[in-house]
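> predicted model, plus sequence, below.
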Amino acid sequence: PNVISFCFFYMLLAVKRRQWMPIHTPKWKLHITRGVLITGVAWMVMTSVHNIPLADFYGLIFMGPIYAAILAGLFLKEEITPIQWLILITGFIGILIIVGPSFSQFNIGYLTASIQSVLFALSVIVARMIGNDEEPYMFSLMVGLTISVINLPILIWHGMPVPTPLQGGMLVRYGVVLGTALLLFSYGFAKASSTGVIAPFQYMQMVWG
């Protein structure tokens, strides 16, 4: 899906600039760092959902917005207002009430879910560091490229199954949806006046979860 996402947004950027060009951005180091972090997020999510109940999973990953607010204060010197803290904490308590995690069993899934929330928060900080003056398509383009470069050798080493036509079509659609979600999510954090303003919106994921 990330290869599809990369190709899709590369074509969109080429059409916008009216030329097929090498990928170039002065903030490439930050984009690659963010791609590595999101790769880690994906790995942690896959390990978690295979080992723990979804209720426990959501109870842990939704610490991410709170971690993001804390890290924004530490690294970006952003001021999180008392109202923003109240919204973040109230939202998290609401999540716990809704999903009712039991945390009755402990295995590697709990560790990876906890790590995921930290990696998510760090990716938010990097998106803030990239800033809203970056070309929006670049947020998905560079992440898709980085994840593909990391994951493809592993996939080839372990043997890549050939998808059926139905699976192939689903993968293409998933790649486009995934890339679009990354673009909107990343640019939202990059463009917001502060992390505390946008972080609570992550709790909307609970509706779809």
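Arrived safely. Residues are numbered from 1 along each chain as shown.

> residue ranges in the chain under the pLDDT threshold?
Flagging of the chain using pLDDT under 70 yields the residue ranges 20-22, 209.

> tell me where it has helices.
With helices called from DSSP state H, the chain shows them at 2-17, 28-49, 54-61, 64-75, 82-99, 108-130, 136-158, 165-191, 195-198, 205-208.

> just the angle between the fifth one and helix 54-61, please?
If you take axes from the mean of the first three to the mean of the last three Cα atoms, to 10 degrees, helix 82-99 sits at 160 degrees to helix 54-61.

> give me the neighbour count for the closest residue to residue 179 other than its chain neighbours.
Distances taken as Cβ to Cβ, 6 or more residues apart in numbering put residue 5 closest to residue 179, at 3.2 Å, once the chain neighbours are dropped. Any C-beta I mention is one placed from the backbone N, CA and C, and that applies to glycine too. Neighbour count of residue 5, defined by other Cβ atoms under 10 Å: 27.

> can you tell me which residues contact the residue nearest the centre of the chain?
A centroid search over the chain (Cα atoms, centre = their mean) returns residue 38, at 5.4 Å, as the residue closest to the centre. Counting by Cβ atoms under 8 Å, 6 or more residues apart in numbering, residue 38 makes contact with 119, 123, 143, 146-147, 182.

> now swap in residue 116 and tell me
Contacts of residue 116 by Cβ under 8 Å, 6+ apart are 40-41, 44-45, 48, 60-61, 64.

> how much space between the residue nearest to it when sequence neighbours are not counted and residue 190?
Leaving aside its sequence neighbours, residue 116 sits nearest to residue 44 (Cβ to Cβ, 6+ apart; 3.7 Å). To residue 190, residue 44 is 23 Å away according to Cβ to Cβ, to the nearest Å.

> correct me if wrong: residue 23 contacts residue 10.
Yes. Residue 23 lies in contact with residue 10 (Cβ atoms under 8 Å); the separation is 7.3 Å.

> those two: who's more crowded?
Each of residue 23 and residue 10 has its neighbours counted (other Cβ under 10 Å); residue 10 has more, 18 against 13.

> returning to what we had before: so which of the contacts of residue 38 wins on neighbours?
In terms of neighbours by other Cβ under 10 Å, those top out with residue 143 at 29 neighbours.

> what residues are up against it?
With Cβ under 8 Å, 6+ apart, residue 143 has these contacts: 2, 5, 31, 34-35, 38, 182, 186.
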